[in-house]
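**Q** next come a sequence and a model predicted from it.
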Amino acid sequence: MKSFKVFLTTVALATVISATVSAPAFAGPREDIIAGFMAQGAGPADLANGKHMYDTTFATGKPDTPKCTTCHGATPQEGGQTRTGKAIEPMAVSKTPARFTDQAKVDKWFLRNCSGVIGRECTAQEKVDFISYLASQ
Amino acid sequence: MLKISTLAAALSVFALTLPAHAESFTPIKDPKIIAACGECHMTYFPQMLPQASWSKILSDPSNHFGEDATLTPATQDYVLNYYLNDAADVQSTRAAKKWMTGVDLKNPPLSISTAPRFVQKHSEREFTSMWNRKNVKSKSDCAACHKDAQRGIFEDD
């Protein structure tokens, strides 16, 4: 009987622990999207690499779009403008809270813009780095 | 008799001095078109180009005026059909007819800003400096000057 109680306690504890471990501190759509990229093989976020991606002139994609800031703001806190004159909200999550909360949009824009700016698709790791950097801004 | 001819002459002078009446377009409200096209630029009006032009412009979004505008295959089909269905050479509106004037279907324009109607309406010398205004990003930025462009109204020129 005692061993059954111990078993129950163990199961209960294990449940609590696994729930705590699998749920990030501030679970939400953005965290779910990051978790999805981690499930594709990405490790922990490298914020410095996220910043590097935002700031770097790659010039390996389309000639008209050599870097993120061709269209996006010079800093993540600033708005940008498409080449056709349409305003783009700042990328910093502190300025535009809805950033990276819609999986379809995230997929659409990574596909287009990694190809347009870098000339290839971004890796799951790069996506985690990029989103996490802008979530910290 | 003299009076009538005088009146006719006066009327014709009056007609010549009337401001050119710009055509209007039905605003685009289709949420799929707004999402697919309108996040980057104004949703241009299908009546501005013939089918042959839209077919070429919308057949390869991965190289869309220098940008990668890749869409899912289903969305790409939807957008192409939307523009083909209301193209200048199938629509019978006043705007469609005006935008077909001067179009060579064997050599269709590959952008709205090279369509004969656009060129004709922006041909005066004053436009040279207008294109260089700081707020005009490019000739694709209609709303920089035509504030109601997205509503299909271009009468503010």
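**A** Structure's in. What do you need? Residues are numbered from 1 along each chain as shown, chains lettered A, B, ... in the order given.
**Q** how about the residues of chain A by chain B?
**A** When proximity is defined by Cβ under 8 Å from any Cβ of the partner chain, chain A lies next to chain B at A:61-65, A:81-86, A:111-113, A:115-116. Every residue, glycine included, has its C-beta placed from N, CA and C.
**Q** filter the residues you listed down to just the ones in strands.
**A** Within the residues of chain A next to chain B, residues falling in strands by DSSP state E are residue A:81.
**Q** between the residues of chain A next to chain B, which has the most around it?
**A** Most neighbours among these, by other Cβ atoms under 10 Å in any protein chain shown: residue A:116, with 26 neighbours.
**Q** show the pLDDT at that residue.
**A** pLDDT for residue A:116: 95.
**Q** residues contacting the spatially most central residue of chain B?
**A** The centroid of chain B falls nearest to residue B:48 when counting by Cα atoms, centre = their mean (4.0 Å). Residue B:48 is in contact with B:25, B:88, B:95, B:99, B:112, B:115, B:117, B:118, counting by Cβ atoms under 8 Å, 6 or more residues apart in numbering or on different chains.
**Q** quick one: it from chain A, how far?
**A** Look at residue B:48 and chain A: by Cβ to the nearest Cβ, to the nearest Å, they are 15 Å apart.
**Q** give me the phi and psi angles of that residue.
**A** Torsion angles at residue B:48 (phi, psi; degrees, to the nearest 10) stand at phi -80, psi -20.
**Q** show me the contacts for the closest residue to chain B within chain A.
**A** Residue nearest to chain B within chain A: residue A:85 (3.3 Å; Cβ to the nearest Cβ). For residue A:85, the contact set (Cβ under 8 Å, 6+ apart) comprises B:41, B:135, B:136, B:137, B:138, B:140, B:141, B:143, B:144.
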